[in-house]
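Novice: just coords:
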């Protein structure tokens, strides 16, 4: 059951096809939520591997581009798509129902494009300014913390739609999933401390990301009446920026 739940989450949050799974259910989606930080660790390890292999041979600005592209390739741009849809909806200036309709539209508007470009540009700027040691630690823990932020959003805030992909997460992932995800995140932060000697930065990044997640989720809830699958993606993308900022500032 645990392995199946992990594979369900891995195949949804990434494009890594470790095992071909065609039997999807809302309950399996919900159960996979508790393992999101572990899936974030897989993404982080892949990014660390890329940095380890090519980091010494490339200038920081080129390396940062490669890392951003690799993360998009690994995740299939899932969270970036959610960010764009969220920006299109929230900044449309329409009523709640119309915002939700806009967010479901497969077409991307100007607000979405601008938001995505700004996030990528800011991420690139932050990555090139990190020291090599801090960069490797940030690459590992950043996806872990951002996926835990998603778990917090799923389990602690209401869902805005009566249906949708994110509904399965919200319906079947309860406080137990949050507890398991919190323990996994704590273990991975400890691992970051042992391997990369960046425990204080990881803890500070986690605290900052959780603070941001709470504020952002409340902001979206006041506008939409709850969260959606798209806002989960936006939270993931923006939480990564928060973690990188902490690593750079501290």
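Specialist: Thanks, I have the structure now. Because the structure is a prediction, the values reported are computed rather than measured.
Novice: continuing past the helix or strand of the chain with the lowest mean pLDDT, what's the next helix or strand?
Specialist: When each helix and strand of the chain is scored by mean pLDDT, DSSP states H and E, helix 165-172 comes last, with a mean of 79. Next helix or strand after helix 165-172 toward the C-terminus (DSSP states H and E): helix 175-196.
Novice: the helix or strand following that following helix - contacts with which helices or strands?
Specialist: Going down the chain from helix 175-196, the next helix or strand is helix 199-224, by DSSP H and E. For helix 199-224, the packing partners by 3 or more C-beta pairs under 8 Å, 6 or more residues apart in numbering; DSSP states H and E come out as helix 78-90, helix 96-104, helix 132-156, helix 175-196, helix 229-249. For glycine as for every other residue, the C-beta is placed from the backbone atoms N, C-alpha and C.
Novice: quick one, which of those gets closest to residue 207.
Specialist: Closest to residue 207 of these, according to C-beta to C-beta: helix 229-249, at 8.4 Å.
Novice: the inter-axis angle of the closest one versus helix 78-90?
Specialist: Orientation of helix 229-249 against helix 78-90 (axes from the mean of the first three to the mean of the last three C-alpha atoms, to 10 degrees) gives an angle of 110 degrees.
Novice: follow-up on the earlier one: now the least confident helix or strand of the chain, how far from the centre of its chain.
Specialist: Centroid separation for helix 165-172 versus its chain: 16 Å, with C-alpha atoms, centre = their mean, to the nearest Å.
Novice: so what touches that helix?
Specialist: With contacts defined as C-beta atoms under 8 Å, 6 or more residues apart in numbering, helix 165-172 is touched by 26-27, 29-31, 33, 154-155, 158-159, 161, 227-230, 232.
Novice: are any of those residues buried, and which?
Specialist: Those of the contacts of helix 165-172 that meet the buried threshold are 29-31, 33, 154-155, 159, 161, 227-230, 232, by 16 or more other C-beta atoms under 10 Å.
Novice: spatially, which two of these are the most separated?
Specialist: Using C-beta to C-beta, the buried ones among the contacts of helix 165-172 reach their maximum pairwise distance at 31 and 230, which is 22.0 Å.
Novice: turn the buried ones among the contacts of helix 165-172 into JSON lines, including distance to residue 195 and pLDDT.
Specialist: Converted to JSON lines, the buried ones among the contacts of helix 165-172 look like this (distance: C-beta to C-beta, whole Å; pLDDT from 0 to 100):
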{"residue": "29", "distance to residue 195": "31", "pLDDT": "84"}
{"residue": "30", "distance to residue 195": "31", "pLDDT": "88"}
{"residue": "31", "distance to residue 195": "29", "pLDDT": "91"}
{"residue": "33", "distance to residue 195": "26", "pLDDT": "96"}
{"residue": "154", "distance to residue 195": "28", "pLDDT": "96"}
{"residue": "155", "distance to residue 195": "28", "pLDDT": "96"}
{"residue": "159", "distance to residue 195": "36", "pLDDT": "94"}
{"residue": "161", "distance to residue 195": "40", "pLDDT": "89"}
{"residue": "227", "distance to residue 195": "33", "pLDDT": "96"}
{"residue": "228", "distance to residue 195": "36", "pLDDT": "95"}
{"residue": "229", "distance to residue 195": "33", "pLDDT": "94"}
{"residue": "230", "distance to residue 195": "34", "pLDDT": "96"}
{"residue": "232", "distance to residue 195": "28", "pLDDT": "97"}
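Novice: for stretch 84-99, which outside residues touch it?
Specialist: 100, 102-105, 108-109, 111-116, 220, 223-225, 228, 230-231, 233-234.
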